[in-house]
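Asks: any chance you could fold what I've pasted below:
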Amino acid sequence: MTEPRPRKKDPTGTSFPWGPLPADLRRLDREMAQGLGFPSLTDAEFSRLRDWVEKESGIHLTDAKRGLVMGRLAKRVRAVGATGFGAYIERALGSAGPEERARLLDALCTNETHFFREIHHFDFLEKRVFPSWRVTGTTGRIPRHIRAWSAACSTGEEPYTLAMVLLKNFPRSSGWSVEVLGTDLSGHALQRAAAAVWPIEKAAEIPSAFLKSFMRRGTGPEEGKMKAGPEIREAVHFLRLNLCAEVYPVSGAFDLIFCRNVLIYFNWDTKRKVIGRLLSHLAPTGYFFSGHAESLNELSNVVTTLQPTVYRPLRTADSTDPTREAP
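Replies: Next up, the predicted model:
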């Protein structure tokens, strides 16, 4: 049983369980718009933008996100010289070319991510999957080539984490090869991912053994920065991909697919379609990982749960699967 959600209080001191009431949201939105120097988004403008964003990306924007949307779009409004949010939306969805629509989506995408996020997933791989892969690879029962896909990879921390974990356990010196694909809707995030440079503070997220083996500290003009080393940069490549597209421009099967902390932004129908398309690219003996707040229990007809947020295709997983969590 889950813990009851803490009750919040509005500025007048009245308690309510699920966040601000509509009247409070509208007041907060007006105050934010005034601070940004633009009129607040009207219901019609927000509805038009919300419908377009959901159609293009699958992301569902609730009324509670209106203030967040205004905050993130303000920079684009100023950049194009629009008189306000409504004028910008009219231009971006109307006369502007695809470049501005891509920038609009970039502005709305949440690109927060970390190295070794949800560490239990990597513990699962190292303790319960990799040992059998080593045996079957050594005996020639499977090719010694591993493919992993990090969907919605943001600025690259996740695919580089996968590359570090895989190369540590399956080094090239032992005859293995590793390929990691990172995809995201945001072109701006992918540019940062491909550059593979982060503030040195990010080093604190990486266990020391991995940090020493795979990362480089900047010196001179690059002081205060960290860059991925050549071994993992060679293993990772990136591709812009919309998870809501009918067909994904990727080929071949993947042994691991990570799609974490993005499914929560989709409605049920979009989520079902996205998972189905991703699973069509998963090897029959592969593993699918979702985020800690994302459950695939509704899809028990296509996947089986090995442990929370770790799944295998139903066509191959059964009760004797050695990686299944004991009841």
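
Asks: distance check, Leu278 against Arg66.
Replies: 30 Å (C-beta to C-beta, to the nearest Å). Every residue, glycine included, has its C-beta placed from N, CA and C.

Asks: could you pull up phi and psi at Trp149?
Replies: phi -130, psi 120 (degrees, to the nearest 10).

Asks: tell me what it is bridged to.
Replies: Here Trp149 sits in beta bridges with Leu181, Ile257, going by DSSP bridges.

Asks: and it, what pLDDT?
Replies: pLDDT, Trp149: 98.

Asks: counting neighbours, what do you get for it?
Replies: Neighbour count for Trp149, taken as other C-beta atoms under 10 Å: 28.

Asks: mind listing what it touches?
Replies: Residues near Trp149 by C-beta atoms under 8 Å, 6 or more residues apart in numbering: Val180, Leu181, Thr183, Val250, Phe254, Leu256, Ile257, Phe258, Leu278, His281.

Asks: among the residues you listed, pick out the one closest to His120, please.
Replies: Nearest to His120 among these: Phe258, at 12.9 Å, using C-beta to C-beta.

Asks: does that closest one really touch Leu162, like I thought?
Replies: Yes - here Phe258 reaches Leu162: they are 6.9 Å apart, a contact under C-beta atoms under 8 Å.

Asks: so the nearest residue to Leu241 once chain neighbours are set aside, which state does it fall into?
Replies: Leaving aside its sequence neighbours, Leu241 sits nearest to Thr183 (C-beta to C-beta, 6 or more residues apart in numbering; 3.8 Å). Following DSSP: H, G, I helix; E, B strand; the rest coil, Thr183 is assigned to strand.

Asks: these two touch, right, Thr183 and Glu158?
Replies: No - using C-beta under 8 Å, Thr183 makes no contact with Glu158, being 10.8 Å away.

Asks: these two - which one has more neighbours?
Replies: When neighbours are counted by other C-beta under 10 Å, Thr183 and Glu158 differ, and Glu158 comes out ahead with 27 against 23.

Asks: look up phi and psi at the more buried one.
Replies: Dihedral angles (degrees, to the nearest 10) for Glu158: phi -70, psi -50.

Asks: distance-wise, check it relative to Arg50.
Replies: According to C-beta to C-beta, Glu158 stands 28 Å off from Arg50.

Asks: now the residue nearest to Leu241: how far from Arg78?
Replies: Taking C-beta to C-beta, one finds Thr183 at 30 Å from Arg78.
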